[in-house]
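1. Sequence plus the predicted model coming up.
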Amino acid sequence: MSNPHRKAARAKRQSRYVPPAGLIGFLEAYDHDDLPDGAWQAMIEDGVEAYNKEFGAHIAPFDGFMAYAEAKK
């Protein structure tokens, strides 16, 4: 049986992800709006991997993509 308090705490932690200050600007170079959605996501995730390599960060590609997509709204 799962503990509802632990689920709520985990959900709260996950919703507070704040990307590093330079990530969004870095990913703008990988933003090609003319691509289909799946290819666009793959390009942004590639950008996150490049950011990780260049700055020694450990951001999951999907988390970086979601942060970028949220920032573009």
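-> Looks like it arrived, so ask away.

2. Residue 32: what secondary structure?
-> Classification of residue 32 using DSSP: H, G, I helix; E, B strand; the rest coil returns coil.

3. give me the number of residues near it?
-> 10 (other C-beta atoms under 10 Å). From N, CA and C alone the C-beta is placed, and that goes for glycine too.

4. so how far is residue 57 from it?
-> 22 Å (C-beta to C-beta, to the nearest Å).

5. Same check on residue 34?
-> From residue 34 to residue 57 the distance is 28 Å (C-beta to C-beta).

6. who's more crowded, these two?
-> Per other C-beta under 10 Å, whichever of residue 34 and residue 57 has more neighbours is residue 57, with 15 against 6.

7. per-residue confidence for that one?
-> pLDDT recorded at residue 57 is 92.

8. which ones are touching the residue positioned nearest the centre of the chain?
-> Nearest residue to the geometric centre of the chain (C-alpha atoms, centre = their mean): residue 64, 1.4 Å. For residue 64, the contacting residues are 19, 23, 27, 44, 45, 47, 48, 51, by C-beta atoms under 8 Å, 6 or more residues apart in numbering.
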